[in-house]
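# Below are the sequence and a predicted model; questions follow.
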Amino acid sequence: MRIPRKLEVWRLGTVNYLKALKLQEKLASDRKINKISDTLLSLQHPPTYTLGKRRTDYNLLVPESELKTMGAELHYTQRGGDITFHGPHQAVLYPIISLRDIGLGARKYVENLESTMIDLSSLYGVKAHGQRKCETGVWVGDRKIGAIGVRISSGITSHGLAYNIDPDLTFFKHIVPCGIADKDVTSLRRETRQTDMVLPDEEVVQDQLVTCFARLFGYNDIIWKDKNDLEIDG
Amino acid sequence: MALRIWASSTANALRLSTATTPHFSPLSRCFSSVLDGLKYANSHEWVKHEGSVATIGITDHAQDHLGEVVFVDLPDTGGSVTKATGFGAVESVKATSDVNSPISGEIVEVNTKLSETPGLINSSPYEDGWMIKVKPSNPSELESLMGAKEYTKFCEEEDAAH
């Protein structure tokens, strides 16, 4: 008989990138010693460019000083993946979960993250697909709508996925997003513009993304916590 | 095979994404190779102890679950490793996964071929895909690791968990 699995979701609003990173590190080490159960951070970032472990900063097309003028930060991280942008109106999910408890490897975990974004897109009539020519991420045609960059340490995940609900896509012009040149970036807003589909408030869309995640990963219960319920400063 | 088709058509009926169903079959997991004569950690690294040197890498089961390795981060020779602690990482499918050392000791050699050809970890996890060679500081640590039979059972149980 399967033990019911619960996921604790922290709705954090807009959080500075480094603060979110420190929080993830603390939660990951708590999760490793089973002090907490599987937790997911649901948030957005102010304009931020990030690089992965391979430090592919040749994919940043403007000098760092210019980013500051734009009001954006740049951070180097230990996650997998290439350069990307995070900003307002982009849903970011950071699952801090134990893959060993559910017998998943990196490949299957990342496939499920792709499916999370594909399922959410389909709720709004947008046909997205993953693993385009072995390039991890979620695409509508050849336009990228969702990105993934993950870290797994002792079987515990951190970092996660970023899904474009309606961010300012011009920020992506300053990078070669995910190291893939001459391909467009898109958003749920852009893909539904020509259709009759009306998007609800983005908090609703972001919560639905979390629900898609929980269903795909077989959680029986979601416990929602808002910023005010938690002792964190943004 | 039949199981996979059932899952796919059910998923269609429920209008769920079928992206995950190609890997649904639990039967496919039991065919990763496990070599006799090696010792195994529950974080899926192997150790081959020959004389005063122990070679360390990740198992066939691990590389299969990772996907295609595109980048390997290894420490420098002369550094030390501690049992059950990370010494490096591999990147695959936009995920960096830490690699832990099954034993403690001093790093005497590092597989530099992996920076040019990280895919050796996938194609030859027990031979050309070795990661570091270590002089064990506490050889008794090897006793607490799993043998081939135990590790095979461990993998089966872990995969059955989902």
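Thanks, I have it.
# What separation do you get for residue A:223 and residue A:31?
15 Å (CB to CB, to the nearest Å). No exception for glycine: its C-beta is placed from N, CA and C like everyone else's.
# okay, residue A:234: pLDDT?
If you check residue A:234, the pLDDT there is 47.
# Tell me the spacing between the residue nearest to residue A:55 when sequence neighbours are not counted and residue A:66.
Computed as CB to CB, 6 or more residues apart in numbering or on different chains, the closest residue to residue A:55 that is not its neighbour in sequence is residue A:76, at 6.2 Å. Going from residue A:76 to residue A:66 by CB to CB gives 18 Å.
# Tell me which residue in chain B sits closest to chain A.
Chain A sits closest to residue B:65 of chain B, with a gap of 2.3 Å, by CB to the nearest CB.
# What residue in chain A comes nearest to chain B?
Minimum separation of chain A from chain B (CB to the nearest CB) falls at residue A:105, amounting to 2.3 Å.
# so where is chain A shaky, pLDDT-wise?
Scanning chain A for pLDDT under 70 picks out the ranges A:1-2, A:132-134, A:231-234.
# in it, which spans are helices?
A:17-32, A:64-70, A:106-123, A:188-192, A:202-216 (DSSP state H).
# Pick the most buried one from those helices.
Greatest average neighbour count among the helices of chain A goes to helix A:106-123 (a mean of 24), per mean count of other CB atoms under 10 Å in any protein chain shown.
# Export that one to PDB, keeping only CA atoms.
The C-alpha trace of helix A:106-123 is given here as PDB (Å, rounded to 0.1, in the frame of the first residue of the first chain):
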ATOM      1  CA  ALA A 106      17.800  13.100 -13.300                       C
ATOM      2  CA  ARG A 107      16.500  12.200 -16.700                       C
ATOM      3  CA  LYS A 108      13.000  11.200 -15.600                       C
ATOM      4  CA  TYR A 109      12.800  14.100 -13.100                       C
ATOM      5  CA  VAL A 110      13.600  16.600 -15.900                       C
ATOM      6  CA  GLU A 111      11.100  14.900 -18.200                       C
ATOM      7  CA  ASN A 112       8.400  15.300 -15.500                       C
ATOM      8  CA  LEU A 113       9.300  19.000 -15.100                       C
ATOM      9  CA  GLU A 114       8.900  19.400 -18.900                       C
ATOM     10  CA  SER A 115       5.500  17.600 -18.700                       C
ATOM     11  CA  THR A 116       4.400  20.000 -15.900                       C
ATOM     12  CA  MET A 117       4.800  22.900 -18.200                       C
ATOM     13  CA  ILE A 118       3.300  21.000 -21.200                       C
ATOM     14  CA  ASP A 119       0.200  20.100 -19.200                       C
ATOM     15  CA  LEU A 120      -0.200  23.700 -18.000                       C
ATOM     16  CA  SER A 121       0.100  25.000 -21.500                       C
ATOM     17  CA  SER A 122      -2.600  22.600 -22.700                       C
ATOM     18  CA  LEU A 123      -5.000  24.000 -20.200                       C
END
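# Since that was my last question, I'll sign off now.
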